[in-house]
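> Here is the input, now give the coordinates:
(one chain, ligands or ions: 1)
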Amino acid sequence: MAEPLATPSTQARPDGVRVRVPGKINLALCVGPRRPDGFHDLATVFQSVSLADELRATEAPAGVVTVAVRGRGADLVGAPEDNLAVRAARLLAETYVPRCGAHLEITKGIPVAGGMAGGSADAAAALLACDRLWGLGLPSEALLELAALLGSDVPFTLLGGTAIGHGRGERLTPVRVDHTFHWVLVTSPDGLSTPAVFRRFDELHPPETVPAPAVPEGLLAALVEGDPVALGAALRNDLAEPAVALRPELAVILAAGTEAGAVGRMVSGSGPTCAFLARDAAQAAGIAAELRDRSAGQDRRPGPDVHPARDVYVVRAPASVGFLHAGRG
Ligand code: ATP
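Purely as a prediction, here's the structure:
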């Protein structure tokens, strides 16, 4: 166990610490062969989107970490013991301040099990909020180290913005993106298991046929230049094929987004959320309206119907919320 970096403040903080943390999409998710440890080497480009969870941490007795989850899909989040935010707060306490405790209130805005790193985002939010609540003030490197122990996507959700990820996705290089892109996200009422999607990837691609992963040429230039058409052409997700194999109706949603005029389309992460890139905010609103119509069965034009009971969101990326957007109260 590491030495405590700081003596936690004994000052009561009944109002707690509130953190807003965005979900992500992967603009590229290039998967290498399965490693001996069971993980796959990845070359990925993460981007935060303006669909976020909120986490509020308040003081609890020493050694106690509890959680309450509300918001869309809260019933799909597992038992408190398995909640990634609880595990994050416990890890932080065990490592630095065993006599601290916290109660966490999570309001879900990120679809659960949607391939948008909702659980990872909550873990990042818990690290950040409890760091403040307990008066630790750890440097970001220390929080990123703990984040990597919690899961492959946790370091990025702590960082926010846009970043290239290597290894399991935890080795990050931030990318400065000054342009805003406009996306439409179509979520699904039933999640997809990330391990199941990777297993199907392995079935479809024997390890000896899988090359070392690399970020597609042109993708970073399109991001930096703010060119949605070039970005749309450069999007790539090697998990799309296994996700569609497990959930064939995703092909219908992807086709509907293309028909609606999206300049790029992809399955987000391991799915089942589908992401559509628009030229601008106005076109994103139009694509969303068309997909909502198709989902509601109101669209009379020829083309695929989108399964009902899906949510359609218009989001901006990269999101302006992220690491260190912690506020009191
Ligand atoms: P993954 O990180 O596996 O790619 P995902 O991004 O698709 O997952 P999540 O919303 O993180 O989706 O949910 C994955 C699983 O994690 C769910 O089955 C859920 O029960 C569990 N989970 C644990 N903690 C949380 C949390 N705080 N919020 C959402 N899901 C959580």
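> What pLDDT is listed against residue 112?
pLDDT, residue 112: 89.
> I'd guessed it sits against residue 78; true?
No - the criterion here is Cβ atoms under 8 Å, and residue 112 misses it with residue 78 at 9.6 Å. In short, each C-beta sits where N, CA and C put it, glycine included.
> neighbour count winner among the two?
Each of residue 112 and residue 78 has its neighbours counted (other Cβ atoms under 10 Å); residue 112 has more, 20 against 11.
> Excluding covalently adjacent residues, which one is nearest to that one?
Of all residues not flanking residue 112 in the chain, residue 73 sits nearest, at 3.7 Å (Cβ to Cβ, 6 or more residues apart in numbering).
> Measure how buried the one you found is and give me the count.
Around residue 73 there are 19 residues (other Cβ under 10 Å).
> residues contacting it?
108, 111, 112, 113 (Cβ atoms under 8 Å, 6 or more residues apart in numbering).
> can you tell me which of these are up against the ligand?
Filtering the contacts of residue 73 for proximity to the ligand by Cβ under 6 Å from any ligand atom leaves 112, 113.
> In strands, which of the contacts of residue 73 appear?
With strands taken from DSSP state E, the overlap with these comprises residue 108.
> Most neighbours among the contacts of residue 73, please name it.
Counting neighbours by other Cβ under 10 Å, residue 111 leads the contacts of residue 73 with 26 neighbours.
> That one against residue 273, yeah?
Yes - between residue 111 and residue 273 there is a contact at 5.9 Å, judged by Cβ under 8 Å.
> Name the residues contacting each of those two.
The contact sets of residue 111 and residue 273 overlap at 185, 187, 188 (Cβ under 8 Å, 6+ apart).
> which residues are in contact with the strand or helix carrying residue 158?
Using DSSP states H and E, residue 158 maps to helix 154-159. Contact with helix 154-159 is made by 21-24, 46, 48, 84, 88, 117, 120-121, 123-124, 127-128, 140, 143-144, 147-148, 163, 165, 169-170, 172, 174, 322-323, as judged by Cβ under 8 Å, 6+ apart.
> which of the residues you listed come close to the ligand?
The overlap between the contacts of helix 154-159 and the neighbours of the ligand (Cβ under 6 Å from any ligand atom) comes to 84, 117, 120.
> Need the worst-confidence member of the residues you listed.
In terms of pLDDT, the lowest of those is residue 117, showing 94.
> Sketch out the helices for this structure, chain order is fine.
84-96, 118-133, 140-150, 154-159, 194-204, 219-225, 228-234, 240-246, 249-259, 281-296 (DSSP state H).
> In CSV: those, plus distance to residue 31 and mean neighbour count.
Formatted as CSV, those follow (distance: least, Cβ to Cβ, whole Å; neighbours: other Cβ atoms under 10 Å):
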stretch, distance to residue 31, mean neighbour count
helix 84-96, 22, 23
helix 118-133, 18, 29
helix 140-150, 19, 18
helix 154-159, 16, 28
helix 194-204, 6, 16
helix 219-225, 16, 18
helix 228-234, 17, 18
helix 240-246, 9, 20
helix 249-259, 17, 20
helix 281-296, 28, 19
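> Around the ligand, pick out the residues from the stretch 1-150 of the chain.
Checking the stretch 1-150 of the chain against the ligand by Cβ under 6 Å from any ligand atom, the hits are 77-78, 82-85, 106, 112-120, 122.
> hmm, try it at 5 Å
The stretch 1-150 of the chain has residues 77, 78, 83, 84, 85, 112, 113, 115, 117, 118, 119, 122 near the ligand, with proximity defined as Cβ under 5 Å from any ligand atom.
> From the ligand, how far off is the residue nearest to residue 120 when sequence neighbours are not counted?
Computed as Cβ to Cβ, 6+ apart, the closest residue to residue 120 that is not its neighbour in sequence is residue 153, at 3.8 Å. Per Cβ to the nearest ligand atom, to the nearest Å, residue 153 is found 5 Å from the ligand.
> Now do residue 153: how many residues are near it, please.
By other Cβ under 10 Å, 30 other residues sit near residue 153.
> From residue 88, how far off is it?
12 Å (Cβ to Cβ, to the nearest Å).
> mind showing which ranges of the stretch 51-200 of the chain have poor pLDDT?
Applying pLDDT under 70 to the stretch 51-200 of the chain flags no residue at all.
> top strand in the protein by residue count?
Longest strand in the chain, counting by DSSP E: strand 40-60.
> Pull the distance from that strand to the chain's centre.
5 Å (Cα atoms, centre = their mean, to the nearest Å).
> which ones are touching the closest residue to residue 283 other than its chain neighbours?
Nearest non-adjacent residue to residue 283, counting by Cβ to Cβ, 6+ apart: residue 261, 6.6 Å away. Applying Cβ under 8 Å, 6+ apart to residue 261 gives the contacts 278, 283, 286, 287.
> Would you check that the second one makes contact with residue 183?
Same thing as residue 283. No - taking Cβ under 8 Å as the definition, residue 283 is not a contact partner of residue 183, at 10.9 Å.
> contacting residues for the closest residue to the ligand within the stretch 151-300 of the chain?
Proximity of the stretch 151-300 of the chain to the ligand (Cβ to the nearest ligand atom) peaks at residue 194, 3.6 Å away. Residues counted as contacts of residue 194 (Cβ under 8 Å, 6+ apart) are 115, 269, 270.
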